[in-house]
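[1] Prediction below, plus the sequence it came from.
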Amino acid sequence: MTKPKIDSVLKKCHLFAELDPRSISGIAALASEKSLADGEILFSEGDEAAFLFILESGAIDLVKYSSEGREMLVRSVSPVEIFAEAAVFSGDQYPATAVARKSSKVVAIRKDRLSSFIRKHPDVSMKMMGVMSSLLRHLNSLLSELSLDSVEARLAAYFVKRARKQGAEFFLGMQKRELASRLGTVPETFSRNLKKFLKAGFLQISGGKVKILNIKELSRIASGCKKSEN
């Protein structure tokens, strides 16, 4: 990848978005590109966290494996999202395994080179800390919502929000396992609640297209109200 291309990727990444062009170029000079084939592992759980990564294109899943070898999705990474940054800044090991779900490209930045750059440019450190603080507040708010709401309520709220923005018919736009991850649940629990909505006639899904049939009842569930008895 050319340096201008890396600059462009960094500018779109939330962690570096507030930096000036000179700082962006300085960090871009530290970065390299890596291509991954579908199914290739970028790093494994327990490996030393020596790099942080930005997904340029493709799809990366962060997964953990049970003692029986069962794969559990932790997070699905979308293009220009940063990942593994927490492990890098804490000096820890990677807490999950990163697997490419299609042909993908990532921008990799070595931890030691970035740390050295930040020490020489304290203004960059302050701006990055400000971005991470905002992200932490958002995550704390999200965790509070996840702890208070049931999976059923979160799924209903998701469909209601999409319907209000895009109308009663829209394309899901992601795999169900990815949506399950974003809603803070596992695919099995997600599928069980989705089937409940389909059976109740609240919505239909065909070929990835969602059609909302009863937004009133979905709104009731989203707000934590029980379905009214007839």
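    Perfect, thanks for sending it. Residues are numbered from 1 along each chain as shown.
[2] the domain parsing of the chain - what is it?
    3-146, 149-222 (automatic domain parsing).
[3] Off-centre distance for the first one?
    When C-alpha coordinates are averaged (CA atoms, centre = their mean, to the nearest Å), domain 3-146 and its chain have centres 11 Å apart.
[4] can you confirm Pro79 is in a strand?
    No: assigned with DSSP: H, G, I helix; E, B strand; the rest coil, Pro79 falls outside any strand and is coil.
[5] circling back: save the domains of the chain as TSV, and put in mean neighbour count and mean pLDDT too.
    The way it works is simple: take the backbone N, C-alpha and C, and place the C-beta from them, glycine included. Shown next, in TSV, are the domains of the chain (neighbours: other CB atoms under 10 Å; pLDDT from 0 to 100):
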stretch	mean neighbour count	mean pLDDT
domain 3-146	16	84
domain 149-222	16	90
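[6] does Arg75 sit in a helix, a strand or a coil?
    Under three-state DSSP, Arg75 comes out as strand.
[7] Quick check: it touching Glu81?
    No: checked against CB atoms under 8 Å, the pair Arg75 and Glu81 is beyond contact range at 9.1 Å.
[8] where do the strands sit along the chain?
    31-36, 41-43, 51-57, 60-65, 71-77, 82-83, 97-100, 104-110, 169-171, 203-206, 209-212 (DSSP state E).
[9] which residues touch Tyr65?
    45, 71-72, 97 (CB atoms under 8 Å, 6 or more residues apart in numbering).
[10] Out of those residues, the closest to Leu194 would be?
    Met72 (18.6 Å; CB to CB).
[11] And that closest one, how far from Thr189?
    12 Å (CB to CB, to the nearest Å).
[12] do Ala156 as well
    14 Å.
[13] what does Arg110 give?
    Distance from Arg110 to Thr189, by CB to CB: 38 Å.
[14] Just give the nearest non-adjacent residue to Ser35, would you?
    Distance criterion CB to CB, 6 or more residues apart in numbering; nearest residue to Ser35, sequence neighbours excluded, is Lys105 at 5.3 Å.
[15] residues in contact with the one you found?
    Lys105 neighbours (CB under 8 Å, 6+ apart): 1, 33-36, 55-58.
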